[in-house]
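Colleague: Provided below for reference: sequence and predicted model.
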Amino acid sequence: MQFTRSQRILLVIFAVTGLIGPNGIFLYFALTDRAALLQALHDPVAMVFMGEAFLLLVLFAWLIKIRDLTRPGWLTFTVLSLLGSMAFSVPAFLLLHARKEG
């Protein structure tokens with residue numbers, strides 16, 4: 001899978017935005033306002049979104065595994081997803097995969 005220069009730039013923008021945006025906000029409140037974090041963990045709507053993110057993580061990791069995308073692989077995708085967000089891990093994985101292919 002090859003990307004044009006502008007497509008790679010767009011994927012980098014998505015990855016950085018996903019890492020700093022949703023993940024940055026989560027980390028900020030997790031580290032500075034524990035009450036807000038605990039409140040979110042008891043909110044059923046927030047739990048639905050977190051559950052959906054984990055289901056998508058499992059689905060994408062499984063698709064990577066069955067499509068035999070061994071470089072960088074499903075484990076790398078899972079680690080990227082847990083370190084960042086899906087908005088970070090999907091474009092980052094695509095960039096890593098394209099780099100390893102070419």
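Modeller: Received the coordinates, thanks. Residues are numbered from 1 along each chain as shown.
Colleague: distance of P22 relative to T4?
Modeller: Computed as C-beta to C-beta, to the nearest Å, the P22 to T4 distance reads 27 Å. Bear in mind the C-beta positions are built from the backbone N, C-alpha and C, glycine included.
Colleague: for the two, indicate the residue with more neighbours.
Modeller: P22 (16 against 8; other C-beta atoms under 10 Å).
Colleague: residue contacts, the closest residue in space to that one that isn't next to it in sequence?
Modeller: In space, and not counting its chain neighbours, P22 is closest to S85: 4.7 Å by C-beta to C-beta, 6 or more residues apart in numbering. Going by C-beta atoms under 8 Å, 6 or more residues apart in numbering, S85 touches 18-19, 21-23, 26, 53.
Colleague: who's in contact with P44?
Modeller: By C-beta under 8 Å, 6+ apart, the contact list for P44 is empty.
Colleague: what strand or helix carries the nearest residue to F14 once chain neighbours are set aside?
Modeller: The shortest distance from F14 to any non-neighbouring residue, by C-beta to C-beta, 6+ apart, is to P91 (4.2 Å). Here P91 sits within helix 86-101, counting by DSSP states H and E.
Colleague: which elements pack onto that helix?
Modeller: helix 5-20, helix 44-66, helix 74-83 (3 or more C-beta pairs under 8 Å, 6 or more residues apart in numbering; DSSP states H and E).
Colleague: got the angle between the first one and helix 86-101?
Modeller: By that I understand helix 5-20. Relative orientation of helix 5-20 versus helix 86-101 (axes from the mean of the first three to the mean of the last three C-alpha atoms, to 10 degrees): 140 degrees.
Colleague: next secondary structure after helix 5-20?
Modeller: With DSSP H and E, the next secondary element past helix 5-20 is helix 22-32.
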